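1. Quick one: sequence and predicted model below, then my questions.
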Amino acid sequence: MIAAIRGTQDILPGAVERWQFVEATACRVFEQYGYAEIRTPIIEREELFAKGTGETTDIVQKEMYAFTDKDGERITLRPEATPSLVRAFVEHALEQGMAVPKVYTIGPMFRRERPQKGRYRQFHQLDVEVFGVEDPSVDGEVIDVAWTLIRELGITGVELAVNSVGCPDCRPAFSAALVAALGGDVARLCGDCQRRAVTNPLRIFDCKVPADQPVIDALPHTVDYLCDACRAHFDAVLRYLDLFGIPCTVSHRLVRGLDYYTRTTFEVLAGGIGAQSAVLGGGRYDGLVRHLGGPDRVGIGFAAGIERLVLALPDALALPEKRPDVFVAALGDPARESALALLRDLRRAGLNAQIEYEGRSLKSQMKRADRLKAPLVFILGDDEIARGQVTVRRMAASAQESIPRETAVAFVKANR
Ligand code: AMP
């Protein structure tokens, strides 16, 4: 037996319904807010993420499934959606066809992380992006989309954390302040942090090593180093969240593990789903489109992990039960063709009609109908066929009656 790869999962009937609920709810909410779906390839050039996600991030340095293709090209399974959506935005000049390019996508992402509850190597994201709008009202809208999604899914006990990481104008002063505050403590931090202190000090906030945390907690806060424009932008975002009635806390450590963020960053944390409690995260990436070779357009978006949303769903979710409208049973071989013809008519009329395929006894056919939770069973034997009738059994009442064959479809529609 060949088993599934570590960190991947099969989503089976019984569990998939909750996924379908999350995806359908997300599509409904995103479309309601004017976002249009776009689907991009799962494989991309490695360079897109090296440049887009950032050379110094854990994702690019340690986690990408990258390989050399037979023609020598470096290819990777996408670890996240944003760079792909930026690529598509630029490649297809989407801003020419869309008044405000507001897009979303849904699909699998791949990162070679250490698997645990809520963390997988193939996982699935709902991703939302807006291009070209600098006004903080759009930051408010994007966070409102995320908040509405959580509410429509019935997920409670969540917290929204927001922060501003500034822009290329104020970032250097903050990075310098970080390095100055660290001083001689750098030598006491883990090897990754020592490297980060040189290459990209902001990434020190990504560190999960317990011994490093007291030092990191005492570091300066990005919000104290914002330039006037970033400060005004962040204040406006907080005002809009207040206006939309979305409670939040400012979290100084929220710098996000990707290099492209500028200004607003945010994350939604859910209780009761284990150590991996971030159900969604996002922010503004004002330099990314140009950095990837596109026009100078700002952007903002978020990604939510479907696995974690599914974990956070209420246990008692009122999902519609899946069951057939009717089961068709045939009494003896000669009746099977008539039963199949009846099945055909029921299905052509849009009804969910099921049958037993192997010509077993009526008793086992009734058992099958029972297991499928069919409320109605049509029984067809030589007798019924001769009289142009169908015997109907209502399973709940164990009562039987006879109806004309030509009224069978209408009967099911009236008794569903
Ligand atoms: P990120 O793209 O890292 O900002 O992550 C956005 C969201 O994707 C997180 O809040 C998680 O819900 C989800 N996510 C990220 N990595 C994983 C993973 N390895 N397994 C499951 N979900 C993930």
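-> Structure received.
2. Next up, the contacts around residue 156.
-> By Cβ atoms under 8 Å, 6 or more residues apart in numbering, the contact set of residue 156 is residue 314. From N, CA and C alone the C-beta is placed, and that goes for glycine too.
3. backbone phi and psi for it, please?
-> Backbone torsions of residue 156, given as degrees, to the nearest 10, read phi -120, psi 180.
4. quick check, residue 10 in a helix?
-> No: counting by DSSP: H, G, I helix; E, B strand; the rest coil, one finds residue 10 to be coil, located in no helix.
5. What residues does the chain have near the ligand?
-> Within reach of the ligand by Cβ under 6 Å from any ligand atom, the chain has these residues: 80, 111, 113, 118-120, 123, 125, 257, 278-281, 303-305, 307-308.
6. one more time with 8 Å
-> Contact residues (Cβ under 8 Å from any ligand atom) of the chain with the ligand: 7, 59, 79-82, 109, 111, 113, 115, 118-121, 123-125, 256-258, 267-268, 276, 278-282, 302-309.
7. So among those, which ones count as buried?
-> Those of the residues of the chain next to the ligand that meet the buried threshold are 7, 59, 79-82, 109, 111, 113, 118-121, 123-125, 256, 258, 267-268, 276, 278-282, 302-309, by 16 or more other Cβ atoms under 10 Å.
8. among those, which are in strands?
-> Judged by DSSP state E, strands contain the following of those: 109, 123-125, 267-268, 278-282, 302-305.
9. Out of those, the closest to the ligand would be?
-> Using Cβ to the nearest ligand atom, residue 305 comes nearest to the ligand of those, at 2.4 Å.
10. Per-residue pLDDT of the closest one, please?
-> Per-residue confidence (pLDDT) for residue 305: 98.
11. wait, it sits on residue 127?
-> No: using Cβ atoms under 8 Å, residue 305 is not in contact with residue 127, being 10.4 Å away.
12. So, low pLDDT: which residues of the chain?
-> 257-258 (pLDDT under 70).
13. where do the helices sit along the stretch 1-150 of the chain?
-> 16-32, 46-52, 58, 82-91, 94-97, 136-152 (DSSP state H, counting those that start in this stretch).
14. Buried ones in the fourth one, by neighbour count?
-> The one in question is helix 82-91. Those would be 82-90, for helix 82-91 by 16+ other Cβ under 10 Å.
15. Equivalent analysis for the first one, please.
-> For helix 16-32, burial by neighbour count (16+ other Cβ under 10 Å) applies to 18-19, 21-22, 25-26, 29-30.
16. circling back to that earlier point, turn the buried residues of helix 82-91 into TSV, including distance to residue 181.
-> Output for the buried residues of helix 82-91, formatted as TSV (distance: Cβ to Cβ, whole Å):
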residue	distance to residue 181
82	30
83	32
84	37
85	36
86	33
87	37
88	40
89	38
90	38
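17. Which one of the residues you listed is nearest to the ligand?
-> Using Cβ to the nearest ligand atom, the buried residues of helix 82-91 come closest to the ligand at residue 82, 7.8 Å.
18. Now do the contacts for the closest one.
-> Counted by Cβ under 8 Å, 6+ apart, residue 82 has contacts 52-53, 127, 129, 258, 260, 285, 288, 299, 301, 303.
19. Residue 55: what's it in contact with?
-> Counting by Cβ under 8 Å, 6+ apart, residue 55 has contacts 61, 259.
20. picking up where we left off before, make CSV from the buried residues of helix 16-32 and add distance to residue 40 to it.
-> What follows is those, written out as CSV (distance: Cβ to Cβ, whole Å):
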residue, distance to residue 40
18, 25
19, 20
21, 24
22, 20
25, 22
26, 17
29, 21
30, 16
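21. from these, which single one is nearest the ligand?
-> Nearest to the ligand among those, with distances taken as Cβ to the nearest ligand atom, is residue 22, at 11.8 Å.
22. and the closest residue to residue 331 other than its chain neighbours, how many neighbours does it have?
-> Computed as Cβ to Cβ, 6 or more residues apart in numbering, the closest residue to residue 331 that is not its neighbour in sequence is residue 381, at 3.2 Å. Neighbour count of residue 381, defined by other Cβ atoms under 10 Å: 18.
23. For residue 381, give me phi and psi.
-> The phi/psi pair for residue 381 (degrees, to the nearest 10) is phi -120, psi -180.
24. That one: what's it in contact with?
-> Applying Cβ under 8 Å, 6+ apart, the residues near residue 381 are 330-332, 335, 391.
25. Looking at neighbours, which among the residues you listed is most surrounded?
-> residue 330 (26 neighbours).
26. Tell me how far the closest residue in space to residue 309 that isn't next to it in sequence lies from residue 313.
-> Using Cβ to Cβ, 6+ apart and skipping residues adjacent in sequence, the residue nearest residue 309 is residue 22, 5.2 Å away. According to Cβ to Cβ, to the nearest Å, residue 22 and residue 313 sit 7 Å apart.
27. for residue 211, same thing?
-> 36 Å.
28. Looking at the two, which has the bigger crowd around it?
-> Ranked by neighbour count (other Cβ under 10 Å), residue 211 and residue 313 place residue 313 first, with 18 against 10.
29. Assess the claim that that one and residue 20 are in contact.
-> No: in this structure residue 313 lies outside contact range of residue 20 using Cβ under 8 Å: 11.9 Å.
30. So of the contacts of residue 381, which two are at opposite extremes in space?
-> Farthest pair in the contacts of residue 381 (Cβ to Cβ) is 332 and 391. Separation: 13.5 Å.
31. Return the residues in contact with residue 32.
-> With Cβ under 8 Å, 6+ apart, residue 32 has no contacts at all.
32. ditto for residue 288
-> 52, 82-83, 86, 260, 299.
33. again, but for residue 113
-> Contacts of residue 113 by Cβ under 8 Å, 6+ apart are 7, 63, 119-121.
34. Check the gap between the nearest residue to residue 18 once chain neighbours are set aside and the ligand for me.
-> Distance criterion Cβ to Cβ, 6+ apart; nearest residue to residue 18, sequence neighbours excluded, is residue 310 at 5.0 Å. Applying Cβ to the nearest ligand atom, to the nearest Å, the value for residue 310 to the ligand is 11 Å.
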